[in-house]
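Participant: Model the structure of this input:
(one chain, ligands or ions: 2)
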Amino acid sequence: MDNPKNKFKAAMAAGQRQIGVWNTIGGNTVPEMLGGAGYDWVLIDCEHSAIETVEVLPALQAIGQYPDTSAAVRLAANDPTLFKRVLDMGAQTLMVPYVQTSEEAAAAVHATRYGPSGMRGMAGMTRAARYGKIDDYYNRAEDELCLILQVETLEGLSNLDAIAKIEGVDAVFIGPTDLSASMGLRGQVTHPDVDKAVSDAITRLVEIGVPVGVMALDPDVADRYLTLGASFVAVAVDLVLLEQAVSAIRVRFA
Ligand code: 3PY
Ligand code: MG
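Facilitator: Ligands and ions are numbered 1, 2, ... in the order given. Below is the predicted model:
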């Protein structure tokens, strides 16, 4: 059996913008619904949600039913144990929060590589290897992995080039919310200073040829970041959409 192609990585390499939705509600129903909604990617968020590692597997299986939609998993932290488990579950695109230095970036890459170049533990009977059926999985796994590092602090921005240029880093994702806190503007993601810092980071990453992603829940802001050259933008979050819909219908009957 062939190693499944990472369509998200291939699309970015081909310059096709990727529009994504964030999954923060655990279980398999919501990921299944989001997977069938026509987005290019669905991110299963283990950092800012109650989604535990054990729930990543059914979410990947649910999204995996839709071949035109790629799944990505955001780990709770830059911890090699977490990498190992979701990689073995078959996650091919990983997002790592709060990367601030080139050393932290290198550690994330190291966690995705088998020895001798890294410390991803080896196991044969995994979903990633389709239970032993993928030909030469150990030597081909890395070709289809996509490692996205989040830069979302002023310290991270000051090391942006160094982080982005570490070999094995496939893309950088700017986190406007954490960045707003780091800038002393907690939660003010549309503040001109935060917006400028995000825009400058996108422009810089485009200049050095590293694919860049960002979250922008305002479609006009998302359009602007796409025009600046962002390759992948998360434009919606399941729980935000649910809250908006629930509140709107309640107001209708107030
Ligand atoms: C942030 O904005 O801080 C995120 O991590 C997601 O966009
Ligand atoms: Mg963040």
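
Participant: buried set for whatever helix or strand Ser247 lives in?
Facilitator: Secondary structure from DSSP states H and E places Ser247 in helix 238-252. Of the residues in helix 238-252, Asp238 count as buried by neighbour count, 16 or more other C-beta atoms under 10 Å. For glycine as for every other residue, the C-beta is placed from the backbone atoms N, C-alpha and C.

Participant: what do you get for stretch 103-111?
Facilitator: Quick answer for stretch 103-111 (16+ other C-beta under 10 Å): 104-111.

Participant: residues in contact with that stretch?
Facilitator: 78-80, 83-84, 96, 99, 117-120, 147, 149, 162-163, 166-169 (C-beta atoms under 8 Å, 6 or more residues apart in numbering).

Participant: So which of these sit within helices?
Facilitator: Assigned to helices by DSSP state H, the following of these qualify: 80, 83-84, 162-163.

Participant: Identify the farthest-apart pair in the residues you listed.
Facilitator: Lys84 and Ala162 (25.6 Å; C-beta to C-beta).

Participant: Quick check, pLDDT for the residue nearest to Arg127 when sequence neighbours are not counted.
Facilitator: Once flanking residues are discounted, Arg127 sits nearest to Gly90: 4.2 Å by C-beta to C-beta, 6 or more residues apart in numbering. Looking at Gly90, its pLDDT stands at 98.

Participant: And the buried ones among the ones in helices among the contacts of stretch 103-111, selectable in ChimeraX?
Facilitator: Buried residues among the ones in helices among the contacts of stretch 103-111 (16+ other C-beta under 10 Å), as a ChimeraX selection:
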select :80,83,84,163
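
Participant: Throw the ones in helices among the contacts of stretch 103-111 into CSV and include distance to Ala62 and pLDDT, thanks.
Facilitator: Putting the ones in helices among the contacts of stretch 103-111 into CSV (distance: C-beta to C-beta, whole Å; pLDDT from 0 to 100) gives the following:
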residue, distance to Ala62, pLDDT
Pro80, 26, 97
Phe83, 21, 98
Lys84, 22, 96
Ala162, 37, 98
Ile163, 32, 99
